[in-house]
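Q: Sharing a model that was predicted from the sequence below.
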Amino acid sequence: MKKTMKMLVAGLVATFAVSAMADEIGEVSTTFNLLSPNSKIVIEAFDDPDVAGVACHVSKAQTGGLKGAVGLAEDPSEASIACRQIGAIDEAKLGNLKNGDTVFKESRSLLLKKLQVVRFYDKKRNVLVYLAYSDKLIDGSPKNSISSVPVMRWN
């Protein structure tokens, strides 16, 4: 029992540590709640931790209301992603990347649901592909979004 609890705490710490890399860019309200926070769409930005020169923006739904205010709401699985090359990319390092590496992770419910962004390198086309999806310990969601970043010479 203690081992399970330690693993759960370690997982939560890791989830929040990765999500701390995102910067909130803005938000728009989607519902009005008089006495509690509104439900909204939030836009966040993060840099790929392994590929300098790539930045991604993620938009995601965030549940408001009383449950949302105290952190008990489960946010919807919908998310969208757009990634762009914003600086020079060291092409020599691209061959060392592992397909499916997590570059962003954020909790979407109290314990079991996460929004993740994973990266793939399409060597044939010299393109980085970022996949945003939501997973849940018991019942995942097929809802997803991708963004491709052609690797260009940066002058």
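A: Noted; the coordinates are in hand. Numbering: from 1, shown residues only.

Q: Please spell out which residues along stretch 46-56 are buried.
A: Neighbour-count burial for stretch 46-56, counted by 16 or more other CB atoms under 10 Å, picks out 46, 47, 48, 51, 53, 54, 55, 56. In short, each C-beta sits where N, CA and C put it, glycine included.

Q: what comes into contact with it?
A: Residues outside stretch 46-56 that contact it (CB atoms under 8 Å, 6 or more residues apart in numbering): 21-23, 45, 58, 81-90, 93-94, 97, 101, 103-104, 117, 119, 128, 130, 147, 149, 154.

Q: among the residues you listed, which are in strands?
A: Judged by DSSP state E, the subset of the contacts of stretch 46-56 located in strands is 23, 45, 58, 81-85, 101, 103-104, 117, 119, 128, 130, 147, 149.

Q: Show the buried residues in the contacts of stretch 46-56.
A: With neighbours counted by 16+ other CB under 10 Å, the contacts of stretch 46-56 contain buried members at 21-22, 58, 81-83, 85, 89, 97, 103-104, 117, 119, 128, 130, 147, 149.

Q: hang on, the earlier thing: tell me which two in the buried residues of stretch 46-56 are the farthest apart.
A: Using CB to CB, the buried residues of stretch 46-56 span at most 13.5 Å, a distance reached by 46 and 53.
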